[in-house]
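Chemist: All I have is the shape, not the residue letters:
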């Protein structure tokens, strides 16, 4: 009997609430375009070309030094240009280039919906501050 080797990226992605409804094929497509990155506390995250999906740790989002939100496990950051994002703990994240993400979202309604739902939640949290 042959055992299937589990891709650590796919396992990490599949464990996130955001992707619970994703199919195996969708998880495989996300894993193929994502790189696991480690960020030390104090690292400023450049979000102009990538989106970051936090697997572990916490990021702080601010504008002009004014705190806006904290981003934790299972949350995506990189959609808001003009925001400063800094690791406030050691962070493990998936870095996904915007260029690679666009065609994936164009062809996957479940992934598109998951990301839109998360963005709506973040907007509500910011409005209620």
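Modeler: On my side now, so go ahead. The shown structure was predicted, so the numbers you read here are calculated from the model rather than taken from an experiment. Residues are numbered from 1 along each chain as shown.
Chemist: From the centre of this structure outward, give me the first residue you hit.
Modeler: residue 53 (1.7 Å; C-alpha atoms, centre = their mean).
Chemist: tell me which element it falls in.
Modeler: According to DSSP states H and E, residue 53 maps onto strand 50-56.
Chemist: ok so, going back, what pairs with the residue nearest to the centre of the chain across the strands?
Modeler: Beta bridges link residue 53 to residue 76, residue 94, judged by DSSP bridges.
Chemist: Correct me if wrong: it contacts residue 91.
Modeler: No - with contact taken as C-beta atoms under 8 Å, residue 53 and residue 91 are classed as non-touching, separated by 10.7 Å. In this view, the C-beta of every residue, glycine as well, is placed from N, C-alpha and C.
Chemist: still on that earlier bit, what comes up buried for the helix or strand just after the strand holding residue 53?
Modeler: Per DSSP H and E, strand 50-56 leads on to strand 59-63 as the next helix or strand towards the C-terminus. Within strand 59-63, the residues that qualify as buried by neighbour count (16 or more other C-beta atoms under 10 Å) are 59, 60, 61.
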